[in-house]
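# I'd like to go over a predicted model; first the sequence, then the structure.
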Amino acid sequence: MPDRTLDIAFWNYDRTRPLADGSVGIAGVEARYHTAQIVPEIFEAMIRRRAYDVSELGLTYFLRTFAQGSSPFLALPVFLNRAFRHSAIYVNAASGIERPEDLVARTIGELALYGHDAGVMPKGILMDEFGFRPERNRWIVGGIDFPMEPIDFVPQSHPADVPVTVAPKGTDLGVLLETGEIDALISADVPRCVLDGSPKVRRLFPDAEAVERDYYRRTGIFPIMHTVVVTRELAEREPAIVRAVYRGFCEAKTVAEEDLVRGLTFNSMGVMIPWLSDLLLRDRELLGSDWWPYGMSANRAAIDAVLRYHHEQGLTERRFTAEDIVVPYLLDT
């Protein structure tokens, strides 16, 4: 019997490269792999045109597809993009913002859309730990210093009491931050003014890595940004194929992990990052040997946090559970 042909899309990550280059196969599947210059282009193609059978999708983009009640997609417990996000909050150095409590009544920029994946987590953490309330701020949504089309393929939901405006196309929120036209910025991508070392901007948490490591020690949460979804039809009609896809992603990640660990023997010379081996060892000491986990059992707390924050921030009408969004027969992974 010929293999089932599937179109599968994701960005160019080390944990997906073994799939894309053919070194890891998916049993029973002839895969056609797709990518894009920036990952929102993948999201748009999947949501707007159902361009793929299997696709990377930002969690907030995925959750917004439930706006009409039932999403056309279900998630695999595969998390291609995750990041600690205290470091995603930037402030103008002259704004007087020295600590999270100083964010009250400020104008804050946010990349791409209100409640983008790298915005949901830091807002939620600020709400949990510092009494932050988004409705007490003014929000401006826009791009930074690279071309990005407006996000118009998912609902732009936000509570009525949260003032949100969309910046004109071509506006660079990083420039607005540096000039003081906005007081703070939450962004998945690092603005040019920060990369250039401008003295006019800085992170809200100056030693963000230490704060993020402490957050993990206290909560056990490694924040999830993106998952992998399959069409609901595929999940319902071909469970054996979907299970094989899940196993393929897991195997590809294992190959990437083993490659990094093997490189420790040779001081990670294959990568041009000084002290990388020490960083990997410190990360494994804190996060464990499976420091980028897939499957449900290792990710319940991280998934629940995103779902709670999404609801508390008014991005979804109800608080979802993992059982609402994940392929049912993969809940025991």
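Yep, it's here.
# gap between the two ends of stretch 87-103?
Terminal residues of stretch 87-103 are spaced 15 Å apart (C-alpha to C-alpha, to the nearest Å).
# And the contacts of it?
Contacts to stretch 87-103, defined as C-beta atoms under 8 Å, 6 or more residues apart in numbering, come from residues 106, 118-119, 122, 126, 129-132, 137, 177-178, 180, 182-188, 191, 194, 199-205, 208-209, 212. C-beta: built from backbone N, CA, C; applies to glycine.
# Sort out for me which of the residues you listed are in helices.
Among the contacts of stretch 87-103, the members found in helices (DSSP state H) are A118, G119, P122, L126, E129, F130, L177, E178, V194, A208, E209, E212.
# Buried subset of the contacts of stretch 87-103 as a ChimeraX selection?
Buried members of the contacts of stretch 87-103, identified by 16 or more other C-beta atoms under 10 Å, are gathered into one ChimeraX selection as follows:
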select :106,118,119,122,126,132,137,177,178,182,183,184,185,186,187,188,191,194,201,203,204,205,208,212
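# ok, which stretches of the chain are strands?
In order along the chain, the chain carries the following strands (DSSP state E): 4-9, 29-34, 54-58, 73-82, 89-92, 107-111, 138-142, 164-166, 184-186, 201-203, 224-231.
# Run through the neighbouring helices and strands of the last one.
Of the remaining helices and strands, those touching strand 224-231 by 3 or more C-beta pairs under 8 Å, 6 or more residues apart in numbering; DSSP states H and E are strand 54-58, helix 59-64, strand 73-82, helix 117-130, helix 239-264, helix 300-312.
# any idea how far D189 is from the spatially most central residue of the chain?
Centroid check for the chain by C-alpha atoms, centre = their mean gives M225 as the closest residue, at 1.9 Å. Distance check for M225 against D189: by C-beta to C-beta, to the nearest Å, it reads 12 Å.
# repeat for A88
Using C-beta to C-beta, we find A88 at a distance of 9 Å from D189.
# So which of those two has more stuff around it?
The residue with more neighbours, out of A88 and D189, is A88; 26 against 19, by other C-beta atoms under 10 Å.
# residue contacts, L315?
T60, L63, R64, G115, V120, S157, H158.
# Repeat the analysis, applying 7 Å as the threshold.
L315 makes contacts with T60, L63, G115, S157, as judged by C-beta atoms under 7 Å, 6 or more residues apart in numbering.
# what number of residues lie near the second one?
When neighbours are counted by other C-beta under 10 Å, L63 registers 26.
# R82 pairs with what?
I224 (DSSP bridges).
# thinking again about what came up before, dump the contacts of L315 to a markdown table, plus pLDDT and distance to V24.
Shown next, in a markdown table, are the contacts of L315 (pLDDT from 0 to 100; distance: C-beta to C-beta, whole Å):
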| residue | pLDDT | distance to V24 |
| --- | --- | --- |
| T60 | 97 | 29 |
| L63 | 97 | 29 |
| G115 | 97 | 34 |
| S157 | 86 | 38 |
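# Could you export the residues you listed as JSON lines, including distance to F79?
JSON lines is the format used below for the contacts of L315 (distance: C-beta to C-beta, whole Å):
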{"residue": "T60", "distance to F79": "14"}
{"residue": "L63", "distance to F79": "14"}
{"residue": "G115", "distance to F79": "18"}
{"residue": "S157", "distance to F79": "23"}
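# Contacts made by stretch 137-157 with the rest, please.
Counting by C-beta under 7 Å, 6+ apart, 38, 40, 44, 47-48, 61, 64-65, 67, 103, 105-114, 162-167, 169, 171-174, 182, 187, 189, 191-192, 314-315 sit against stretch 137-157.
# rewinding a little: just the buried residues out of the contacts of L315, in PyMOL syntax.
In PyMOL, this line selects whichever of the contacts of L315 come out buried by 16+ other C-beta under 10 Å:
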select buried, resi 60+63+115+157
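# The helices and strands packed on strand 224-231 into a markdown table, with extra columns for distance to G22?
Converted to a markdown table, the helices and strands packed on strand 224-231 look like this (distance: least, C-beta to C-beta, whole Å):
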| stretch | distance to G22 |
| --- | --- |
| strand 54-58 | 16 |
| helix 59-64 | 28 |
| strand 73-82 | 18 |
| helix 117-130 | 29 |
| helix 239-264 | 11 |
| helix 300-312 | 31 |
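# Quick one: closest of the ones you listed to R4.
Nearest of those to R4, taken as C-beta to C-beta: helix 239-264 at 5.4 Å.
# tell me what the closest one is packed against?
Applying 3 or more C-beta pairs under 7 Å, 6 or more residues apart in numbering; DSSP states H and E, one finds that helix 239-264 makes contact with helix 17-20, strand 29-34, strand 73-82, strand 224-231, helix 276-287.
# any low-confidence regions in the stretch 201-333 of the chain?
Applying pLDDT under 70 to the stretch 201-333 of the chain flags no residue at all.
# mind listing what A75 touches?
So A75 contacts F62, T227, V228, V229, I325, V326, V327 (C-beta under 7 Å, 6+ apart).
# Repeat the analysis, applying 6 Å as the threshold.
Counting by C-beta atoms under 6 Å, 6 or more residues apart in numbering, A75 touches T227, V229, I325, V326.
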